[in-house]
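>>> Could you look at this predicted model? Sequence included:
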Amino acid sequence: MKYSNTLYTGLLSTVLVVPFAISFLAPVLEPYPAVLLPPGGTRIKTTEDQMDLGRISIYGKVAGRDAWTRLSPPKFLSPIAPEFFSPLAQRNFGLSPVGPIANRTRVGLVITIDPRKVPEEEVRNAKQWFRARLKDSGCDDNVLRITQEVLTFRRSDGAQIGIRSENDKVFDLH
Amino acid sequence: MTKSLIFIERVLTIIWQRLEDTCSNDARSLGLFRIFWGVFILLFIAPYTAYVGQVPQAFYNPPVLSLAFLFAGFPPYWLILAGDLVRIWLLVLITVGIKARYCTIILCLLTFLSENFVYSFGKINHDALLWAVALCLAFTDWGVTYALVPDRRVNPKTATRALATAGVLVAFGMFTAGFDKALHWINFDLSTGGFLSWFYGLYYILDKRLLLAPLVFRVPPQLFKILDYAAVAFELSPFFFLLAGRTAWRAWLLVAICFHLANALLLNIPFYGQVLVYLPFVAFARSFGRLNVGVRATNAVFSWRVPVIICATILGAALTAQRLRGGGSQFLFIEGSSAVSITLYVSLVLLALSGVMIAIDLTTRVYGTRLYRDSSRRAVPDDARSGPDMAER
């Protein structure tokens, strides 16, 4: 073929660059499969010794006591890989409806994605799944708490100084 | 227009020739790598997606631009389990070398489909590179040597182009990781940290606190700015090394292994699957295989057959039994959350071993180049194939 290298390069570039461009400009639209590696160009302020970090945590009520215990995501979700914890928790694990999420792209456009509506039967099944997991973790299987919290720690030695809850959702699992 | 096209074609011909010279590998090395690849995946990245058929459908949140978006939920358990079993036995066939080319293509396509459902928890893990490189290898001679039912040899031009494409995929993948970091991390603002933003999140949210992670707090944060620059330079540089030649490319691969080792030690990210995208470029046959096996490797009964067939079959049978019992794991048959920490420790060994393999290949290459230079100072080569370019190879 006369321009075989040009054609091959053009085709390969399209296959590689188009998904990259989409995921770079609008990460929420990242396609799969695509040859992409984790970007993660985030930054954090490191000047103060006392630092705040936002996170989502799940808590179970210690069986027989009126105290909450934080459940370790890798242990609680296994065999679901721990990296899926945050996206699942952000959607409340499908236990309650989440409104449309607006995502701002790098070119200024706002893409609003309406999360999948979870039917009542699926919610019931999810509650059953959580009850079994909570029981295995030695917790009361009636309630699960999903909390958006701010963790304060000391940068110099990593010690946790405090946890401030910003948004608590307690789910009745019955 | 035509003149421009001819000019572009000429430039691209030179570039692709360079890439093919950098990435080419002999069929015996690729055959040995195929066995390593198959056993590695069966042991450490075994197909296990069946569990998504057992989690609540309420978790289903597929990527918008993916095949899974067309589905209403996770597939039924039996279907995705069947997919896992098919993939396990395709891996066994690839390892022993029975029509490896077709098996590799089917395996990769099935994996893209199965993994799509795993990534329907709301996040895509970036392992497509591993399978994209394997797809490229299907178009080389990796199923020709050390194979029970060898593939037909492909046109040498196709094989070298496929390996060069694999090199481009690796370089591009790394570039995509570095590009976004470069925009945010490359500055002279010592009051912010990129590496540390990863570290604190993993440490406090996902409880990744093993190995050297606790020591990070003892280091002044400004020093980690060096890591930010180094990570960006490393991730943006592979195209340069790919074009610089075989030795430079292998040197970059060695640095890549060190980079993943550092990530495992400090961030507890065991990105060990990456070794399978770096090792296709290593001349296994020169360092680890017999030098004069030649074509006989394909036909005669050699000692490699018995252990490889037994090992692959046992692994396939054990993985099948584990999945049919309702269990499963990607890594060394270990079920439950303990796999997370064991994966991390074993990944250090795997990365270190891969680093040693690349280092041996690199050393042999550098030593060979030196020997050639010494000998060429003494005598004029009488064979065109023994020119400097061959030495560089």
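In hand now; what should we look at?

>>> how about the strands of chain B, start to end?
Using DSSP state E, the strands of chain B run over B:192-193.

>>> Domains in chain A, by residue range?
As given by automatic domain parsing, the domain ranges for chain A are A:1-41, A:44-172.

>>> do the stretch of helix or strand residue A:140 belongs to and chain B meet at all?
Using DSSP states H and E, residue A:140 falls within strand A:139-154. Yes - interface with chain B: strand A:139-154 contributes A:151, A:153 (CB under 8 Å from any CB of the partner chain). Heads up, the C-betas are built off the backbone N, CA and C, glycines and all.

>>> which one is residue 78 nearest to, not counting chain neighbours?
Assuming you mean chain A. Once flanking residues are discounted, residue A:78 sits nearest to residue B:337: 4.3 Å by CB to CB, 6 or more residues apart in numbering or on different chains.

>>> Chain B was what I was after
Excluding its sequence neighbours, the residue lying closest to residue B:78 (CB to CB, 6+ apart) is residue B:53, at 7.5 Å.

>>> And for that neighbour, the neighbour number?
The local packing of residue B:53 (other CB atoms under 10 Å in any protein chain shown) involves 19 other residues.

>>> Distance-wise, check residue B:69 relative to residue A:93.
Going from residue B:69 to residue A:93 by CB to CB, to the nearest Å gives 20 Å.

>>> Looking at those two, which has the bigger crowd around it?
A direct count of neighbours by other CB under 10 Å for residue B:69 and residue A:93 places residue A:93 higher, at 25 against 14.

>>> give me every residue that touches the residue most central in space within chain B.
Nearest to the mean C-alpha position of chain B, by CA atoms, centre = their mean, lies residue B:277 at 2.0 Å. By CB atoms under 8 Å, 6 or more residues apart in numbering or on different chains, residue B:277 lies in contact with B:129-130, B:133, B:166, B:169-170, B:173.

>>> quick one: it from residue B:183, how far?
Counting by CB to CB, the gap from residue B:277 to residue B:183 is 25 Å.

>>> returning to that earlier point: how about the residue nearest to the centre of chain B: what's its closest non-neighbour residue?
residue B:133 (4.6 Å).

>>> and if you look at residue A:26?
residue A:105 (4.2 Å).

>>> So the one you found is in contact with residue A:23, correct?
No - taking CB atoms under 8 Å as the definition, residue A:105 is not a contact partner of residue A:23, at 10.8 Å.

>>> between the two, which one's more packed in?
Set residue A:105 next to residue A:23 and count neighbours by other CB under 10 Å: residue A:23 wins out with 22 against 15.

>>> before we move on, which element is that one in?
Using DSSP H and E, residue A:23 falls in helix A:4-25.

>>> any idea of the mean pLDDT for that helix?
Taken as a whole, helix A:4-25 has an average pLDDT of 97.

>>> name the helices or strands packed onto the longest helix belonging to chain B?
Secondary structure assigned by DSSP state H gives helix B:338-378 as the longest helix of chain B. In terms of contacts (3 or more CB pairs under 8 Å, 6 or more residues apart in numbering or on different chains; DSSP states H and E), helix B:338-378 is packed against helix B:27-44, helix B:246-267, helix B:275-278, helix B:284-287, helix B:388-392.

>>> Throw these into JSON lines and include mean pLDDT, thanks.
Output for these, formatted as JSON lines (pLDDT from 0 to 100):
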{"stretch": "helix B:27-44", "mean pLDDT": "96"}
{"stretch": "helix B:246-267", "mean pLDDT": "97"}
{"stretch": "helix B:275-278", "mean pLDDT": "97"}
{"stretch": "helix B:284-287", "mean pLDDT": "76"}
{"stretch": "helix B:388-392", "mean pLDDT": "43"}
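
>>> Select, out of these, the one closest to residue B:2.
Closest of the helices and strands packed on helix B:338-378 to residue B:2 is helix B:388-392, at 31.5 Å (criterion: CB to CB).

>>> hang on, the earlier thing: how confident was the prediction at the residue nearest to residue A:78?
76.

>>> Could you do the one 5 residues further on as well?
The predicted structure scores residue B:342 at 92 on the pLDDT scale.

>>> Would you confirm that residue A:167 belongs to a helix?
No - going by DSSP: H, G, I helix; E, B strand; the rest coil, the assignment for residue A:167 is strand, not a helix.

>>> so who does the closest residue to it other than its chain neighbours touch?
Once flanking residues are discounted, residue A:167 sits nearest to residue A:148: 4.1 Å by CB to CB, 6+ apart. For residue A:148, the contacting residues are A:54-56, A:165-167, by CB under 8 Å, 6+ apart.

>>> could these go into JSON lines alongside neighbour count and pLDDT?
Formatted as JSON lines, the contacts of residue A:148 follow (neighbours: other CB atoms under 10 Å in any protein chain shown; pLDDT from 0 to 100):
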{"residue": "A:54", "neighbour count": "13", "pLDDT": "92"}
{"residue": "A:55", "neighbour count": "17", "pLDDT": "92"}
{"residue": "A:56", "neighbour count": "18", "pLDDT": "93"}
{"residue": "A:165", "neighbour count": "12", "pLDDT": "94"}
{"residue": "A:166", "neighbour count": "9", "pLDDT": "94"}
{"residue": "A:167", "neighbour count": "9", "pLDDT": "92"}
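
>>> Between these, which sits nearest residue B:110?
Here the nearest of these to residue B:110, counting by CB to CB, is residue A:56; it sits at 33.4 Å.

>>> which residues does the closest one bridge with?
With DSSP bridges as the criterion, residue A:56 is bridged to residue A:148.

>>> can I assume it is in contact with residue A:146?
Yes - Residue A:56 lies in contact with residue A:146 (CB under 8 Å); the separation is 6.7 Å.

>>> what touches both of those two?
Shared contacts of residue A:56 and residue A:146, counting by CB under 8 Å, 6+ apart, come down to residue A:89.

>>> The nearest residue to residue B:207 once chain neighbours are set aside: how many residues sit nearby?
Nearest residue to residue B:207, sequence neighbours excluded (CB to CB, 6+ apart): residue A:72, at 5.6 Å. Residue A:72: 18 surrounding residues under other CB under 10 Å.
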